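Asks: sequence? don't have it. structure:
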């Protein structure tokens, strides 16, 4: 059930609510389930459409008409008047873990330009059991495969996350062309490179991101998570080691069996990409000149980057009042973030989560918290353990990998312990009343608690800070008391 949690049209909070559905069942309910409690007496929650399977996000075609994505089926449903009219596309997706059909954005001139952009994970046959560390293909065919889906975590090509343009004719989506293919395959226990310390690393399919959004200038923002990589875009200039000064290429350590740590095609991860609608890199991207000077595959990739140093996210939104880009970012166990993304931002991951001055707390929690209790502390990838985290802000800042023109800034808001933030969105109308106009809403999904939250934020007059009136939040950090606790967020 997609819930109409406050409104019913494009650019409104329903987008944030729908993106909250990505990897939780809290909003996919049956009739006997208890409806969520709305704490603001001016707002209400009611169903819009039922019978969906793993909905992730949607895009409005009109006031009461939208396309909604199903993560696990690869299907795009056309909904109008509260009813599913038809399935307008059925992609063959790999939906293992956080893969699947993940993101949608309409061309800014829609419907004059009928372009519909989708982020999804494609399928290839899995590698043989006696050599599971190399996928059977580098990428899928450009023409998307339709039909049956899989949750086989190894049945994906190296570059299995992709963004494609389709066209909408009022009843069906038709493939137009591919914009980019991005890293998907994760099986890091390979014997090469040796001595990584990750022989026990299980295959994974997470941190794929998938959020799409068009900026006010007509460029397309694409978020992909770190996909478990530990290279330069994760602020490890020498690769997954505890060495941070490698003056020559021979000092670098490959990230994995496919190369790195430089951001070649297999290591373009943990970034917001900014592309023209045809997939080319805008010449005013923050690292366009640096990439041109560098040249080659790595240089071309750097030209596409808007920001980097990100772990994972399910929410990216453009402020309708300012055009600024905002990103929520999920921590491991600590420091969920809300970021104002300036062009050229280095978000700090893996060296920093939360404000830089809180790095000692980041280190303390990640080196002592066991989740689940049967495991040792880790940052999901064993080849860079949490005891490598710096002991001070100055040390962490000195380690950052800074592309020429990059800047670091603290997040605009953080939770000390991870609260699992999901979709974010701005209310760009007075549909909820003038007191909510242009405000930021953030969803959080807590499967272990069988519930979640919807947070409301005001921005300051200049639109570049979170406004607070609680003295506990003057530092823009909610010092909650444990993972998924919301102390100081009430």
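Replies: Structure received. Remember, it's a predicted structure, so these values are computed and weren't measured experimentally.

Asks: where do the helices sit along the chain?
Replies: Assigned by DSSP state H, the chain shows helices spanning 13-19, 288-294, 296-304, 359-368, 393-399.

Asks: Would you mark the buried spots in the third one?
Replies: Same thing as helix 296-304. Across helix 296-304, burial judged by 16 or more other C-beta atoms under 10 Å covers 298, 299, 300, 301, 302, 303, 304. (Each C-beta comes from the backbone N, C-alpha and C, glycine too.)

Asks: Contact partners for the fifth one?
Replies: If I follow you right, that is residue 302. Applying C-beta atoms under 8 Å, 6 or more residues apart in numbering to residue 302 gives the contacts 263, 287, 290, 291, 294, 403.

Asks: Now those in JSON lines, please, with extra columns for neighbour count, distance to residue 361 and pLDDT.
Replies: Converted to JSON lines, the contacts of residue 302 look like this (neighbours: other C-beta atoms under 10 Å; distance: C-beta to C-beta, whole Å; pLDDT from 0 to 100):
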{"residue": "263", "neighbour count": "28", "distance to residue 361": "29", "pLDDT": "98"}
{"residue": "287", "neighbour count": "24", "distance to residue 361": "31", "pLDDT": "98"}
{"residue": "290", "neighbour count": "18", "distance to residue 361": "33", "pLDDT": "98"}
{"residue": "291", "neighbour count": "23", "distance to residue 361": "35", "pLDDT": "98"}
{"residue": "294", "neighbour count": "18", "distance to residue 361": "36", "pLDDT": "96"}
{"residue": "403", "neighbour count": "18", "distance to residue 361": "28", "pLDDT": "98"}
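
Asks: Residue 70: which of those is nearest?
Replies: Using C-beta to C-beta, residue 263 is the member of those that lies nearest residue 70, at 31.6 Å.

Asks: hang on, the earlier thing: of the contacts of residue 302, which pair is most distant in space?
Replies: Across the contacts of residue 302, the longest distance by C-beta to C-beta is 11.8 Å; it joins 263 and 290.

Asks: May I see the buried residues of helix 296-304 arranged in a markdown table, with distance to residue 430 as well?
Replies: Listed next are the buried residues of helix 296-304 as a markdown table, based on distance: C-beta to C-beta, whole Å:
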| residue | distance to residue 430 |
| --- | --- |
| 298 | 47 |
| 299 | 46 |
| 300 | 44 |
| 301 | 42 |
| 302 | 42 |
| 303 | 40 |
| 304 | 37 |
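
Asks: Name the nearest of those residues relative to residue 178.
Replies: residue 304 (14.4 Å).

Asks: As a check, name the ranges of all strands in the stretch 1-150 of the chain.
Replies: Along the stretch 1-150 of the chain, counting by DSSP state E, counting those that start in this stretch, strands occupy 2-4, 46-49, 55-62, 65-70, 75-80, 83-90, 101-106, 115-121.

Asks: Can you name the residues that contact residue 109?
Replies: Counting by C-beta under 8 Å, 6+ apart, residue 109 has contacts residue 218.

Asks: if you set the cut-off to 10 Å instead, what comes out?
Replies: Residue 109 makes contact with 115, 214, 218, 277, according to C-beta atoms under 10 Å, 6 or more residues apart in numbering.

Asks: Now a PyMOL select for only the buried ones of these.
Replies: This is the PyMOL syntax for the buried subset of the contacts of residue 109, where burial follows 16+ other C-beta under 10 Å:
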select buried, resi 115+214+277
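
Asks: Out of the contacts of residue 109, which is nearest to residue 474?
Replies: Proximity of those to residue 474 (C-beta to C-beta) peaks at residue 214, which lies at 34.5 Å.

Asks: Thought residue 323 was touching the closest one, still the case?
Replies: No: contact criterion C-beta atoms under 10 Å: residue 214 and residue 323 do not qualify, at 11.1 Å.

Asks: returning to that earlier point: check the contacts of residue 109 and tell me the two furthest apart.
Replies: By the measure C-beta to C-beta, 115 and 218 form the most distant pair in the contacts of residue 109, at 11.2 Å.

Asks: where do the contact lists of the two overlap?
Replies: Counting by C-beta under 10 Å, 6+ apart, the common neighbours of residue 115 and residue 218 are 107, 108, 109, 277.

Asks: Now the common contact residues for residue 263 and residue 290.
Replies: Joint contacts of residue 263 and residue 290 (C-beta under 10 Å, 6+ apart) are 299, 302, 305, 403.

Asks: Dump the shared contacts of residue 115 and residue 218 into CSV; add distance to residue 86 as well.
Replies: As requested, those are arranged in CSV below (distance: C-beta to C-beta, whole Å):
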residue, distance to residue 86
107, 22
108, 26
109, 25
277, 26
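
Asks: Tell me how far residue 269 lies from residue 305.
Replies: 11 Å (C-beta to C-beta, to the nearest Å).

Asks: List the residues that are in contact with both of the two.
Replies: 233, 263.

Asks: thought residue 211 was touching residue 118?
Replies: No: between residue 211 and residue 118 there is no contact under C-beta under 10 Å: 12.0 Å.

Asks: Find residues that contact each of those two.
Replies: Both residue 211 and residue 118 are contacted by 102, 103, 104, 105, under the criterion C-beta under 10 Å, 6+ apart.
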